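Participant: no sequence for this one, just the structure:
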């Protein structure tokens, strides 16, 4: 099992919440207040305006909104059941829930009793009396079943909460929704080998709808995949419960002082999503768990349990949890699973599976190289089917020659089979001294820490380049890098990766340290255990052997220590003392400190006798410091200084450093002065002042920092001006100034000539300001290097855009104008020759998008509800992606016929009278022969004039010697089955078995697709006249579904069809040569007989248009 490049665990929906309601009942009252509160809380909410005309069926953009929402809130009112539209919405919402995609359905019983919904009594009974007269019995039964299911769901009732006060009621709803929107999915490795079968068994057992509390036990030896299996199952199930909690490393964490209490608190917090009453006794925790969770349907995983006391403290009895709860335990000891309803032992991998996993690491392939097969089998035999050993040993042998393989395999053969750590130690001993030192530092102190941070510490500790050190350890599979999760998507370019390590490797590294001094704690090179660290310090047992020590007492009462406890640790390099209060002379601390992490330090100032000369990282977050030190300090080795959220900090220190690269002051709300010595920080590249709301000026010396690349002054609301010389700073390439309204500051920003990324977005919690326009920032500024400009919610109205000129942005590549209020684009966009991405997302007053540059590759114009017209550039790029979701007023797209590749994220409803229709101009060019790639998402029925059509997924057909292309049309039985699948289209020559065309493409939920395939996309050299061809439709799980571990059902095809687009024989030779370049006029079309009816059918753009846009009955136009 190997690590994925991304740890994204759940596909992100287009909306946080889908709001379903009966407009006539409460559109302008309760629902409007709820919607406003949701939006103000930053919850992206879809509210369909049901006052608009509607068709017989739910439009596709509504279906998509339902499917892509994380939560559906259904507001049941007295008139809800009278609307067939509402009932259809409810059916679709519950279908999504039942697909186990993780969507949550939350009913609100506004002015009606839940039993009326569940049993269809009261006003609901009256509504169904009418429905039974008008609609088919099957449809009415479906509605009744949906109401019954929804009425049984846990939700909110106005009469039972907040004593009927709507404002308080809405506040509680918002709080609950915010809690439920917190991500729950866990990181799961990709390339899982031999695990799918077992995880499916566990999933099937736990997902069975029974009211009992079920317990599953997973056991096996260390490194066999117990945790990964539990993570896969947890990800599949977690959103089906009222609450879920994954308690990782139970055994390791419970070894800490009172270690079971934090685990109990995590369990309560994960499930209740609220503050948990403080307690410091595991017995009290047991009572709270039983009292608070016994009525809740929950999913709980206790990972790596090693003792009955741990189980008793976390899940002592089934009665602690509500009906239909599911509990999973992973452990090395099967004896702990006597109470489990079902146990699963994870066996070693089979030989072929072992060889596959080993090869993934030794050869980066699923099988070994031909001349290494026998050596690979020997190495695999040594690993004994243990996944972790296969990964580590495979990485050890990667890129080694045969002699090295033979030598290392010979050494392996001398280690007993049962000695797992002995096998892993081979890889550790293969490292040189510097790499061993770095490995032990990570194993003891830096697991889960950001890679860049770790690199700065290791760089001070070792002779090698720290990036090379980390990459070497990763290549040997001794560490892993996991992507950091940053909520602010605009900072993705600055996300690092955390350094992680398997617990067996961590234990192996720590065992190496312990074995060097089994009895004397003070003579170990590294002390990471809190109890051991307190013992050594409290009894002053430290020696000059100690290189690193970590003590974190923030979770308990602040403890006081004398600096004399450190007196003998002369060579201490790494020190973490979070929450500790030190007294005494700081001269006694080691002068060799390279990493000092002291969160929640209670000092007001650093003592002058504290030697900091060798520090590489000084991490002092959330401290009481008013000033770091008095006077001047020269710290040339310091790389990172982090004082974030030190709310009492008044001014930055007088610091001179030739090495400082990062200065973090985020959230220092009392900061009023940045010391002018900042101008002496000749290596500073990153300065974060976000949220320093008391800061009024930056010193002029900031302009001297020639190395500064990134400056964040967002939410510095009191800032009055910027240094005059900032405009000459050639290195300053990224400036984030969101929420800045001071016109003088904005005017200074306009003078920055070298910036490449500029963000001037408005605050989401405040109304847009006109300061940006008043300051003239966007009035033709010569930002010749600007590549990315973000102006979301920047107050750009029609009046404001008259003062905007973007024509001078010759290097601009990405432009974000989302959530502004103009009706047409600002002037000058068409003169940006390198612009490839433009977003006007949620510009709800935007009517037209014209004068786009030919360089554009991506246009995002979703939720532009007034948008009617889009004009494609006259000489566009070959590929253009357009997203127009929910821009339902669109009438025309000009110039689309000039595109070669066209990706269209829009709904085509074949026979729908709804407002969401594909512009006719798009359909008319579908078969004009210029497009190499064109896909539509459709609904409706397959036309009877197709050349060939048939049921299922296979279809045989013939093509003439001369033809222009094929239109492949297919429908599936269940539109939702396409969501997590990639649709595969294969065309093969049945006469010789040769494949002429294959494509795999991820789809969305849909009933059918049209795919136009040009002749040039097919391998026609393998085709002879009169050969019979075959269309074969199939599916495979999409990459995201495989990564997350979802079980994906294959797509079942209802019918498929092929229509041949033929050219006139006398024009073929001419057009075959230059077909791709011809743009003057559409090619002629040839008439082909329909194979089923014998009639003559013309395949022309007009015919396609007539099919997709049939003449509507006169009454539908009213």
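Facilitator: Structure's in. What do you need? Predicted, not measured: the structure shown is a model, and the values here were computed from it.
Participant: C-alpha from now on. contacts and neighbour counts both.
Facilitator: Noted.
Participant: quick check: which ranges of the stretch 651-800 of the chain have low pLDDT?
Facilitator: 764-776, 780-782 (pLDDT under 70).
Participant: where along the stretch 201-350 of the chain do the helices fall?
Facilitator: Taking DSSP state H, counting those that start in this stretch, the helices of the stretch 201-350 of the chain run over residues 226-237, 250-254, 260-272, 282-293, 308-315.
Participant: of those helices, which is nearest residue 784?
Facilitator: Judged by CA to CA, the one of those that comes nearest to residue 784 is helix 226-237, at 47.3 Å.
Participant: for the closest one, packing partners?
Facilitator: helix 196-207, strand 214-219, strand 298-305, strand 326-331 (3 or more CA pairs under 8 Å, 6 or more residues apart in numbering; DSSP states H and E).
Participant: could you confirm residue 66 falls within a strand?
Facilitator: No. Read with DSSP: H, G, I helix; E, B strand; the rest coil, residue 66 is helix and lies in no strand.
Participant: and it, how far is that from residue 103?
Facilitator: Going from residue 66 to residue 103 by CA to CA, to the nearest Å gives 9 Å.
Participant: give me the common contacts of those two.
Facilitator: Jointly contacting residue 66 and residue 103 under the rule CA atoms under 8 Å, 6 or more residues apart in numbering are 72, 96.
Participant: those two: who's more crowded?
Facilitator: residue 66 (27 against 24; other CA atoms under 10 Å).
Participant: that one touches residue 93, doesn't it?
Facilitator: Yes. The pair residue 66 / residue 93 is scored as a contact, 6.3 Å apart, by CA atoms under 8 Å.
Participant: okay, and the common contacts of those two?
Facilitator: With CA under 8 Å, 6+ apart as the test, residue 66 and residue 93 both reach residue 72.
Participant: quick one on the thing from earlier: wait, which of the helices and strands packed on helix 226-237 is closest to residue 617?
Facilitator: Across the helices and strands packed on helix 226-237, closest to residue 617 is strand 298-305 (CA to CA), at 33.6 Å.
Participant: show me what the closest one pairs with in its sheet, parallel or antiparallel.
Facilitator: Sheet pairing for strand 298-305, assigned by DSSP bridges, gives strand 243-247 (parallel), strand 326-331 (parallel).
Participant: wait, residue 807 sits on residue 828?
Facilitator: Yes. With contacts counted by CA under 8 Å, residue 807 reaches residue 828, the gap being 3.9 Å.
Participant: ok, now how distant is residue 1051 from residue 440?
Facilitator: 49 Å.
Participant: which of those two has more residues huddled nearby?
Facilitator: residue 1051 (24 against 21).
Participant: dump the helices of the stretch 201-350 of the chain into TSV; add mean neighbour count, mean pLDDT and distance to residue 77 as well.
Facilitator: Below are these laid out as TSV (neighbours: other CA atoms under 10 Å; pLDDT from 0 to 100; distance: least, CA to CA, whole Å):
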stretch	mean neighbour count	mean pLDDT	distance to residue 77
helix 226-237	23	88	31
helix 250-254	18	83	46
helix 260-272	21	87	28
helix 282-293	17	89	30
helix 308-315	18	94	40
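Participant: so which of those helices gets nearest residue 389?
Facilitator: helix 226-237 (14.6 Å).
Participant: report the angle between the axes of the closest one and strand 326-331?
Facilitator: With axes from the mean of the first three to the mean of the last three CA atoms, to 10 degrees defining the directions, helix 226-237 sits at 170 degrees from strand 326-331.
Participant: which of the helices or strands spans residue 38?
Facilitator: Using DSSP states H and E, residue 38 maps to helix 30-40.
Participant: what is that helix packed up against?
Facilitator: Looks like helix 30-40 contacts strand 45-47, helix 166-180 (3+ CA pairs under 8 Å, 6+ apart).
Participant: in it, what's buried?
Facilitator: For helix 30-40, a neighbour-count test (16 or more other CA atoms under 10 Å) marks 30, 31, 34, 35, 37, 38, 39 as buried.
Participant: gap between the second one and residue 20?
Facilitator: From residue 31 over to residue 20 the distance is 9 Å, taken as CA to CA.
Participant: and what of the fourth one?
Facilitator: Per CA to CA, residue 35 is found 11 Å from residue 20.
Participant: on that earlier part again, now tabulate the helices of the stretch 201-350 of the chain in TSV and tack on distance to residue 519.
Facilitator: What follows is the helices of the stretch 201-350 of the chain, written out as TSV (distance: least, CA to CA, whole Å):
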stretch	distance to residue 519
helix 226-237	32
helix 250-254	20
helix 260-272	26
helix 282-293	30
helix 308-315	27
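Participant: what stretches of the stretch 101-250 of the chain score poorly on pLDDT?
Facilitator: 101-102, 162-164, 179, 182-185, 187, 189-191, 239.
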